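I need the structure of the sequence given here:
(chains A and B)
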Number of protein chains: 2
Amino acid sequence: MSAGKLGLIAGGGALPLAIAARCDVEARPLFVVRLTSFADPHLVRYTGIEAGMAEIGKVLSALKAAGCTAVCFAGTVSRPDFKALKPDLKGATLLPGIIAAATRGDDALLRKILSIFEAEGYAIEGADDILGGDTLPAGALGRVQPDAVQLADLKKALHVAEKAGELDIGQGAVVCDGLVLAVEAQEGTDAMLARVAGLPADLRGSAGAPKGALGKAPKPIQDLRVDMPVIGTRTVEMAAAAGLAGVGGIAGRLILIDRAAIVEAADRLGLFVWGEDRS
Amino acid sequence: MSAGKLGLIAGGGALPLAIAARCDVEARPLFVVRLTSFADPHLVRYTGIEAGMAEIGKVLSALKAAGCTAVCFAGTVSRPDFKALKPDLKGATLLPGIIAAATRGDDALLRKILSIFEAEGYAIEGADDILGGDTLPAGALGRVQPDAVQLADLKKALHVAEKAGELDIGQGAVVCDGLVLAVEAQEGTDAMLARVAGLPADLRGSAGAPKGALGKAPKPIQDLRVDMPVIGTRTVEMAAAAGLAGVGGIAGRLILIDRAAIVEAADRLGLFVWGEDRS
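Below you'll find the model as predicted:
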């Protein structure tokens, strides 16, 4: 990991907070760009600025003035209405290329934006680089072990998630007794799990008799430095509410937002958390 | 089309009603098996019986006594909780094979059930065979023509639906400005469209500025005699409510529940209905 000052470009959710906290622990200098209407308000306690998504000139100037040597993009953003963006001068020159990339999907958009920051000389660091050991290990993370049927459901969910990822659709899927109950696209994992909870009871498990699994896998064409899939305690709790027996991913390729809290929630709710070993 | 007496095995939704009405028009003899808790109550006006999903012996006896020579499976059923089924004697002997097929997905389950009826000597007729011309024609069905961007979204939605179908996931997808907004699995098309309507407004279109399209395509491994995708006026209305510019499918491979009503709704709401020509 670079020891230089980090510019954290922060979207929504808990991931940017986890990264900022890790920089604190390691006494690494940090500058946070809070993306307007996405970044968690708690990030204001770190040195930084707020910027709109198209104010690219403002962001680059601030990173340079702050002396950052690396940047990390983390957190969720919804795709903007490009016609409604208010770009600054630098943003206006870059926007046509960004819009062209956006029409080819989330991955093309992301790679385009990364290339702009790389061209300015910044190293790109992934959330997983910074969070270090907090990715999913191989095997069972908590106390609960999946049985053979549950493990088969998880493996199928990961397979479907990866196939969906090849099409640039999303990162997650839910499988129960061999049947694909849901595939995640723009609604996100939480909304997908809420939908599974609303399916007819005979299709899924219940708190007393949990069945099936959530699998999250990175898109094969995804830039792992920026957009690794993530689970947190809320993922585990919503999976339990959907009657699932567990959640999982590919070992080393799923970020745990708070490992201890995830294990506590999974053990308390009786869910497995499984990392498939692909090494 | 066979002129023999038809045994209609009726699940939920409007498709069985449309088939029964068509038999009426053609004065074709009909016997309706109303699947308990799925079949539309209006089907009681046709000669027939009600039967549970696992009462296979009862259904086969009734079809034989009624003199049916062909059967048609139509309408939606949710996958049963196999442990809770109450099979009759014939059903009990067949159930282990059916359950084994069910673990391999919806398609394997369907083919298994068809094979049981074929083994008893019945011809299997598809809803589309019976409904005749009421499948999607090539090109624009109503007054509204898709523009190039909208047509590209529809083609991508059909591509995603077919790829998802290869994985036995579902039949439908929604794409807007090149981005896959939603993929249908067990929740069904209506629930998927309701979900799109709930996505952030900057991801999708609106009534004043519609964008994107719903595509429905049969699974490549699907038995077209039984499980052709379907649209009706409700599909068009919910697509409009989700801000979509139109809906479509592959010409000849999408059943129109009520063609005139679909055209009326699409023209009134300003949506295109497009059949992709693969001939």
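
List the buried residues for stretch A:203-214?
A:Leu203, A:Arg204, A:Gly205, A:Pro210, A:Lys211, A:Gly212, A:Ala213, A:Leu214 (16 or more other C-beta atoms under 10 Å in any protein chain shown). C-beta coordinates here come from the backbone N, C-alpha and C atoms, glycine included.

Read off the pLDDT value for the fourth one.
Same thing as A:Pro210. The model reports A:Pro210 with a pLDDT of 95.

can you dump the C-alpha coordinates of stretch A:31-40 into CSV?
Once non-C-alpha atoms are left out, stretch A:31-40 reads as follows in CSV (Å, rounded to 0.1, in the frame of the first residue of the first chain):
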residue,chain,number,x,y,z
PHE,A,31,-8.5,14.1,2.2
VAL,A,32,-12.1,13.4,1.6
VAL,A,33,-14.2,14.5,-1.4
ARG,A,34,-17.8,14.1,-0.3
LEU,A,35,-19.9,13.7,-3.4
THR,A,36,-23.0,15.9,-3.1
SER,A,37,-26.2,14.0,-2.1
PHE,A,38,-24.4,10.7,-1.8
ALA,A,39,-21.6,10.9,0.9
ASP,A,40,-22.4,10.1,4.5
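
Out of the buried residues of stretch A:203-214, which are close to chain B?
Counting by C-beta under 8 Å from any C-beta of the partner chain, A:Leu203 from those sit close to chain B.

any idea which helix is longest in chain A?
Across chain A, the longest stretch assigned as helix under DSSP state H is helix A:148-166.

Confirm for me that A:Ile113 is in contact with A:Phe73.
Yes - between A:Ile113 and A:Phe73 there is a contact at 7.4 Å, judged by C-beta atoms under 8 Å.

quick revisit: check whether the longest helix of chain A comes near chain B.
Yes - Helix A:148-166 comes into contact with chain B (C-beta under 8 Å from any C-beta), by way of A:His159, A:Val160, A:Lys163, A:Ala164.

could you give the mean pLDDT of that helix?
95.

List the buried residues of it.
Under the neighbour-count criterion of 16+ other C-beta under 10 Å, helix A:148-166 has A:149-165 buried.

cool, stretch A:190-197 as well?
In terms of neighbour count (16+ other C-beta under 10 Å), stretch A:190-197 has its buried residues at A:Ala191, A:Met192, A:Leu193, A:Arg195, A:Val196.

same deal with stretch A:265-279?
A:Ala265, A:Ala266, A:Asp267, A:Leu269, A:Leu271, A:Phe272, A:Val273, A:Trp274, A:Gly275, A:Glu276.

Tell me the residues of the stretch 101-250 of chain A that contact chain B?
Close to chain B, as judged by C-beta under 8 Å from any C-beta, the stretch 101-250 of chain A has residues A:102-106, A:159-160, A:163-164, A:167-170, A:177-183, A:185-187, A:191, A:195, A:198-203.

What is the nearest of the buried residues of stretch A:203-214 to A:Arg143?
A:Pro210 (14.5 Å; C-beta to C-beta).

Find the nearest non-adjacent residue to the closest one, please.
Nearest non-adjacent residue to A:Pro210, counting by C-beta to C-beta, 6 or more residues apart in numbering or on different chains: A:Ala245, 4.1 Å away.

residues touching that neighbour, list them.
Neighbour list for A:Ala245: A:Pro146, A:Gln150, A:Asp153, A:Gly205, A:Pro210, A:Lys211, A:Gly212, A:Ala213, A:Leu271, A:Phe272 [criterion: C-beta atoms under 8 Å, 6 or more residues apart in numbering or on different chains].

That one and A:Gly105, how far apart?
Per C-beta to C-beta, to the nearest Å, A:Ala245 is found 32 Å from A:Gly105.

likewise A:Lys211?
Between A:Lys211 and A:Gly105 the distance is 33 Å, computed by C-beta to C-beta.

Settle it for me: which of A:Ile113 and A:Phe73 has more neighbours?
Higher neighbour count among A:Ile113 and A:Phe73: A:Phe73, with 25 against 20, using other C-beta atoms under 10 Å in any protein chain shown.

and the more buried one, what are its bridge partners?
A:Phe73 forms beta bridges with A:Ile9, as assigned by DSSP bridges.

Looks like it contacts A:Ile9 (just checking).
Yes - assessed by C-beta under 8 Å, A:Phe73 is found in contact with A:Ile9 at 4.8 Å.

returning to that earlier point: just the residues of the stretch 101-250 of chain A next to chain B: which are in helices?
Short answer: these in helices (DSSP H) are A:Ala102, A:Asp106, A:His159, A:Val160, A:Lys163, A:Ala164, A:Ala191, A:Arg195.

For the stretch 51-200 of chain A, which residues score under the pLDDT cut-off?
For the stretch 51-200 of chain A, the stretches flagged by pLDDT under 70 are A:78, A:132-133.

hey, where'd the strands end up in it?
Taking DSSP state E, counting those that start in this stretch, the strands of the stretch 51-200 of chain A run over residues A:70-74, A:123-124, A:139-140, A:172-176, A:179-183.

still on that earlier bit, what about the contacts of A:Ala245, which are in strands?
Here DSSP state E is the test, and the contacts of A:Ala245 give A:Ala213, A:Phe272 as lying in strands.

Tell me which residues touch the residue of chain A most remote from its centre, please.
Distance from the C-alpha centroid of chain A, by C-alpha atoms, centre = their mean, peaks at A:Asp202 (31.0 Å). When the contact criterion is C-beta under 8 Å, 6+ apart, the partners of A:Asp202 are B:Ser78, B:Arg79, B:Pro80, B:Asp81, B:Ala84.

Let's see which of the buried residues of stretch A:265-279 end up in strands.
Going by DSSP E, the strands hold A:Phe272, A:Val273, A:Trp274, A:Gly275, A:Glu276 from the buried residues of stretch A:265-279.

ok, so of those residues, who is nearest B:Leu35?
Checking those against B:Leu35 with C-beta to C-beta, the nearest one is A:Phe272 at 35.7 Å.

Mind listing the residues bridging to that closest one?
Under DSSP bridges, the beta-bridge partners of A:Phe272 are A:Gly246.

I'd say it and A:Gly246 touch.
Yes - counting by C-beta under 8 Å, A:Phe272 touches A:Gly246, with 3.4 Å between them.

any residues in contact with both of these two?
Common neighbours of A:Phe272 and A:Gly246 (criterion: C-beta under 8 Å, 6+ apart): A:Val144, A:Pro146, A:Gln150, A:Ala213, A:Ala266.

farthest-separated two in those residues?
Largest separation among the shared contacts of A:Phe272 and A:Gly246 by C-beta to C-beta: A:Gln150 and A:Ala266, giving 13.1 Å.

list residues touching both of those two?
What both A:Gln150 and A:Ala266 touch, as defined by C-beta under 8 Å, 6+ apart, is the set A:Gly246, A:Phe272.

Please work out which of the strands of the stretch 51-200 of chain A is packed deepest.
Each of the strands of the stretch 51-200 of chain A was scored by mean neighbour count; the highest is strand A:172-176, a mean of 29, by mean count of other C-beta atoms under 10 Å in any protein chain shown.

That one: partners in the sheet, and parallel or antiparallel?
Strand pairing for strand A:172-176, determined by DSSP bridges: strand A:179-183 (antiparallel), strand A:213-216 (antiparallel).

what distance separates the shortest one from the centre of its chain?
Taking C-alpha atoms, centre = their mean, to the nearest Å, one finds the center of strand A:213-216 at 14 Å from the center of the full chain.

Please tell me how far the closest residue to A:Gly243 other than its chain neighbours sits from A:Gly232.
Computed as C-beta to C-beta, 6+ apart, the closest residue to A:Gly243 that is not its neighbour in sequence is A:Gly205, at 3.6 Å. Counting by C-beta to C-beta, the separation of A:Gly205 from A:Gly232 is 21 Å.

do the same with A:Asp134
11 Å.

tell me, what's touching those two both at once?
Common neighbours of A:Asp134 and A:Gly232 (C-beta under 8 Å, 6+ apart) are A:Leu256, A:Ile257.
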